[in-house]
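Chemist: fold the following, please.
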Amino acid sequence: MNNYFARQIKLWGEETQKSLQDKKIAIIGAGGLGSSLSFALGSSGIGEVHIVDFDEVSVHNIHRQIAFRTTDEGKNKAEVNADIIMQRCPYTKAIPHALNFQQWSELDIDVDLIIDATDNLPTRGEIDKYAKEKNIPWIYGSVEAFNGQVCFFDQASFRDFFTIKERTPAGIAAPIVMHIASLQANLALRYLAGWSVKKDFVYYLFFNEEGELITQKFAIG
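Modeler: Model (predicted):
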């Protein structure tokens, strides 16, 4: 184990690395963000990773969903991601759930952190409600075009900042998906390792007309 996680142990020591084995997380959604999150967090030594997605792999989504190959078309996304995690890291138990979020929430599984990798506002509203009821923090992430948003929700309410409504996502560039998932994963690891995390701030990243990457942040509550 120490050899596998040598670079992380150099970062925060053996005790912190071992403590990750006791942590449990849920990734809600196993598509674009979920695939990248599974790669980033599934090999970090977190003891148990629940991956929730009722959907199947479709070829037109693979360009931004790094876990999948064209030969995976028709397979459940959560199951494919869980299998990859188990192949890459023998120290993490990956559990797929071919369910929607509401169905998964009814299982009442105890986790330390929920990470949003969905693509719609109503489900995020449900995640926030469930997280508040269970006193579990969660990390929001969204992408569109070349833009993205991230927030570590603790005390603040998702509904206080976002209007819950159905909408069809616009086009998406693959790299921004990986970038936002990376930020979510970094927040998750810092929190699970006991490091400081800025909570209840929405970070908005976008490219302006000159191609410059801009980051803005907004306090919630």
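
Chemist: ranges for the helices of the chain?
Modeler: Secondary structure of the chain (DSSP state H): helices at 6-19, 32-42, 77-88, 101-105, 121-134, 174-192.

Chemist: who's the most centrally placed residue in the chain bridged to?
Modeler: The centre of the chain sits closest to I115, judged by Cα atoms, centre = their mean, with a distance of 4.1 Å. Note on I115: beta-bridge partners by DSSP bridges are I27, I139.

Chemist: so it touches S36, yeah?
Modeler: No - the pair I115 and S36 fails to qualify as a contact (Cβ atoms under 8 Å) at a distance of 10.9 Å. C-beta here means a position set from N, CA and C on the backbone, and glycine is covered the same way.

Chemist: which neighbours do these two have in common?
Modeler: Counting by Cβ atoms under 8 Å, 6 or more residues apart in numbering, no residue touches both I115 and S36.

Chemist: okay, K18: pLDDT?
Modeler: K18 is assigned 97 on the pLDDT scale.

Chemist: ditto for V143
Modeler: 94.

Chemist: now it: how far from E212?
Modeler: Distance, V143 to E212, by Cβ to Cβ, to the nearest Å: 18 Å.

Chemist: who has more neighbours, those two?
Modeler: Ranked by neighbour count (other Cβ atoms under 10 Å), V143 and E212 place V143 first, with 26 against 8.

Chemist: which residues touch that one?
Modeler: 32-33, 172, 176-177, 180.

Chemist: most neighbours, which of the residues you listed?
Modeler: Ranking those using other Cβ under 10 Å puts L33 first, with 29 neighbours.

Chemist: since that was my last question, I'll sign off now.
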